[in-house]
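Engineer: test case, fold it:
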Amino acid sequence: MISMMDKRLELAKNKKVELENKLEKVKGTPREEDFRLQVEKLEQLIEHLQKE
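Structural biologist: Residues are numbered from 1 along each chain as shown. As a prediction, the model looks like this:
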């Protein structure tokens with residue numbers, strides 16, 4: 001059975017991939033920094049979830 005923590009980790013990883021793809025599309029635009037920050041926050045969340 002998949003625990004709630006595993007599910008959250010999986011969702012965070014999926015969202016990170018999605019944001020990284022969008023980041024590639026907005027490179028060189030003003031929105032690039034916004035997406036970069038979101039990816040960094042997700043990386044921190046993933047790291048936190050993996051420790052729990």
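Engineer: quick one: the helices in the protein?
Structural biologist: 4-25, 32-51 (DSSP state H).
Engineer: redo the ones you listed as JSON lines? Include mean neighbour count and mean pLDDT.
Structural biologist: In short, each C-beta sits where N, CA and C put it, glycine included. Formatted as JSON lines, the helices of the chain follow (neighbours: other Cβ atoms under 10 Å; pLDDT from 0 to 100):
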{"stretch": "helix 4-25", "mean neighbour count": "13", "mean pLDDT": "93"}
{"stretch": "helix 32-51", "mean neighbour count": "14", "mean pLDDT": "94"}
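Engineer: grab the nearest non-local neighbour of the spatially most central residue of the chain.
Structural biologist: The chain has residue 16 as the residue nearest its centroid, 2.6 Å off, counting by Cα atoms, centre = their mean. Of all residues not flanking residue 16 in the chain, residue 42 sits nearest, at 4.4 Å (Cβ to Cβ, 6 or more residues apart in numbering).
Engineer: quick one, what contacts the one you found?
Structural biologist: 12, 15, 16, 19 (Cβ atoms under 8 Å, 6 or more residues apart in numbering).
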